[in-house]
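K.L.:
just to be clear, the model below is a prediction. Sequence and coordinates:
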Amino acid sequence: MVADERDDNPMPPRPQATLPLVTRVGRRLTRVSKRRPLLAVGAAVAAGVLATSGLSYAAVAHFTGAVQHVDVFGPMTERPEDDVSTNILLVGSDDRAGMSEDDRLALKLGIEDFGRHTDTMMIVHISAAGAVDVISLPRDSVVQVPAFTESDGTTTEAYEGKLNSAYSTGGPTLLVQTIERASGVHLDHYVEVDFSGFIGIVDALGGVEVCTPTPIQDELSGLDLPAGVSTVDGAMGLSYVRARYFDPTADLGRMDRQQQFLGSMFRKATSMGVLMNPLRLSSTVDAVLASLTADEGLDPNQVRTLMRDLQGTSPSQVSFLTMPLTEQGVILDDGGDAVQWDPAAAEAIFAALRTPGSVNEAIRAAVASLPQVSVAPAEVPLSVLNGSGVAGAASKAAQTFTAAGFPVQEVGNGSPTTRTTIVYDPEFDAGLETLKVALPDAKVEAKEGLGEVMEVTIGPDFTSLAPFRTAAPQADAAGAPAPLATTTSAADNPCA
């Protein structure tokens, strides 16, 4: 996980295998209202259970008939080209509409109805070999949200904002459109999950194991766990995957816990023979899928295709990663803080999502092909000057350098130039090669007495920085470079 600049403390360490305490924590709700979308993790496990159960076409048609279908893709235009990959957007919404006051209080959701929001967005990539990659997209990611027209004719102009605002503004269609344009990835299906589906599948599994090295109490979500290993029921599991205020890493830590929880659910689902029996599963899966919302194209034929692709998928073939972020945050026009995707990692991940192969393997291949520098960008201070004649070019370029990890000391005007130029002091040239790799087409000039801060004068040719990697001291025994993004597997059991 990569923390954004607002996080002053590192994320708490994963629990060790020596934790001795095993308890059962949670509560069961006697009433859970329908149509309350929230967490995508339930949908992924429900799909996995279906995929490994070998159901007949008639059974699949029965189950998919219980899913509420909406026209997500119909209103969309200018979509990325459809490719050979299979990518599903899983969304969890905290829409409180239609919920009773008792249910909201029982689940620590408050009484007010704040409209439609989402804090959980995951792209699930299914490879041709049956491997599954789950990529969590931080809700505060800065994106360009396209212009949108509601069914009643209300129009929203395009704007720069947080990713989750696209769902609040235009629902599933605008969220899908925003992600597709930001990534260039064609999304094949959309699935949204509600509280009842999540709680139902956790309870059907007989609870799910979670673990923590220290006690956790999060008053706003209702989470109350002792140190060690606990088996939580659906209601407490819901609190676990929602909680974030107790954790200094906030939303980033929550995404990590959601991935751990999903892995634990998948391990339990695929290890229990009773859940692989369609007769035993029928009533449970029917109730779970009745609480899902999906695009109209997710019909029985499509579900059967997904089942075929996922048949025999093991926990070790299910990997999780969170979109890596730059260390530099972004201040939006409205004053809000947002986080920015690491450009090299994002491009590698999105390129992999457009192929039928494994995202995890593609990331390692992509990073291995990048040029390597020995001096990290953080050790190369810069002054960024505008020589392009375009107002604001230096400020915009400075944001790009900062996002890549270069400390920008000054932004100002420079001498006019037709080509981006690097000026350095020969006595302080340790980081020159790093800057030259990032700006391979730049002109390089030496200037004695300049000092340790190199000058980059932006010309009209500047568009972006070339991707590269820093020599990784944590390279494995075979000498392979560290990945652009850290992945975990559903087979990884932090509670072991």
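P.N.:
Structure's in. What do you need?

K.L.:
for residue 129, grab phi and psi.
P.N.:
With angles defined as degrees, to the nearest 10, residue 129 sits at phi -90, psi 0.

K.L.:
right, I mislabeled it, should have said residue 385
P.N.:
According to degrees, to the nearest 10, residue 385 has phi -120, psi 150.

K.L.:
how about it: what's its closest non-neighbour residue?
P.N.:
Distances taken as CB to CB, 6 or more residues apart in numbering place residue 414 nearest to residue 385, at 3.0 Å, with adjacent residues excluded. Using the backbone N, CA and C atoms, a C-beta is placed for each residue, glycine as well.

K.L.:
now for that neighbour: which residues touch it?
P.N.:
385-387, 394, 455, 457-458 (CB atoms under 8 Å, 6 or more residues apart in numbering).

K.L.:
closest to residue 139 among those?
P.N.:
Of all those, residue 394 has the smallest distance to residue 139: 31.0 Å, by CB to CB.

K.L.:
do you know how far the residue lying closest to residue 157 once chain neighbours are set aside is from residue 169?
P.N.:
Once flanking residues are discounted, residue 157 sits nearest to residue 147: 5.5 Å by CB to CB, 6+ apart. As for residue 147, its distance to residue 169 is 10 Å (criterion: CB to CB, to the nearest Å).

K.L.:
which residues do the two both contact?
P.N.:
With CB under 8 Å, 6+ apart, residue 147 and residue 169 have common neighbours residue 156.

K.L.:
the more surrounded of the two?
P.N.:
Higher neighbour count among residue 147 and residue 169: residue 169, with 17 against 12, using other CB atoms under 10 Å.

K.L.:
what about the more buried one, which SS state?
P.N.:
Under DSSP: H, G, I helix; E, B strand; the rest coil, residue 169 falls in the helix class.

K.L.:
contacts only, for it.
P.N.:
By CB under 8 Å, 6+ apart, the contact list for residue 169 reads 145, 148, 156.

K.L.:
if we can go back for a sec, residue 208 versus the residue nearest to residue 385, what's the distance?
P.N.:
58 Å.

K.L.:
model confidence over stretch 180-191, on average?
P.N.:
The average pLDDT within stretch 180-191 is 94.

K.L.:
just stretch 365-374 next, same as before
P.N.:
81.

K.L.:
got the buried residues for that stretch?
P.N.:
For stretch 365-374, a neighbour-count test (16 or more other CB atoms under 10 Å) marks 366-367, 370, 373 as buried.

K.L.:
on that earlier part again, could you turn the buried ones of the contacts of residue 169 into a PyMOL selection?
P.N.:
Per 16+ other CB under 10 Å, the buried members of the contacts of residue 169 correspond to this PyMOL selection:
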select buried, resi 145+148
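
K.L.:
and the contacts of residue 169 as CSV, adding pLDDT and secondary structure?
P.N.:
Listed next are the contacts of residue 169 as CSV, based on pLDDT from 0 to 100; DSSP: H, G, I helix; E, B strand; the rest coil:
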residue, pLDDT, secondary structure
145, 94, strand
148, 88, strand
156, 85, strand
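
K.L.:
what's the closest of the contacts of residue 169 to residue 165?
P.N.:
Taking CB to CB as the measure, residue 165 lies nearest residue 145 of those, at 6.6 Å.

K.L.:
can you name the residues that contact that closest one?
P.N.:
Counted by CB under 8 Å, 6+ apart, residue 145 has contacts 158-161, 165-166, 169, 174, 178.

K.L.:
so which of these wins on neighbours?
P.N.:
Result: residue 166 is most packed of the contacts of residue 145 (other CB under 10 Å), 28 neighbours.

K.L.:
chain neighbours aside, what residue packs nearest to it?
P.N.:
Spatial nearest neighbour of residue 166, chain neighbours left out: residue 178 (4.0 Å); criterion: CB to CB, 6+ apart.

K.L.:
the one you found and residue 146 touch, don't they?
P.N.:
Yes - applying CB atoms under 8 Å as the test, residue 178 and residue 146 come out as touching, 6.4 Å apart.

K.L.:
ok, which stretches of this protein are helices?
P.N.:
With DSSP state H, the ranges of helices along the chain come out as 40-51, 57-65, 101-106, 163-183, 195-204, 234-242, 250-271, 278-289, 300-310, 343-353, 359-369, 393-403, 432-438.

K.L.:
so what's the residue count around residue 82?
P.N.:
There are 8 residues near residue 82, going by other CB under 10 Å.

K.L.:
repeat for residue 150
P.N.:
Neighbour number of residue 150 under other CB under 10 Å is 14.

K.L.:
verify the stated contact: it with residue 75.
P.N.:
No - with contact defined as CB under 8 Å, residue 150 does not count as touching residue 75 (9.9 Å).

K.L.:
OK, contacts around residue 162?
P.N.:
Contacts of residue 162 by CB under 8 Å, 6+ apart are 139-143, 332, 336, 338.

K.L.:
the same query, at a cut-off of 7 Å, please.
P.N.:
139-142, 336, 338 (CB atoms under 7 Å, 6 or more residues apart in numbering).

K.L.:
many thanks, I have nothing further to ask.
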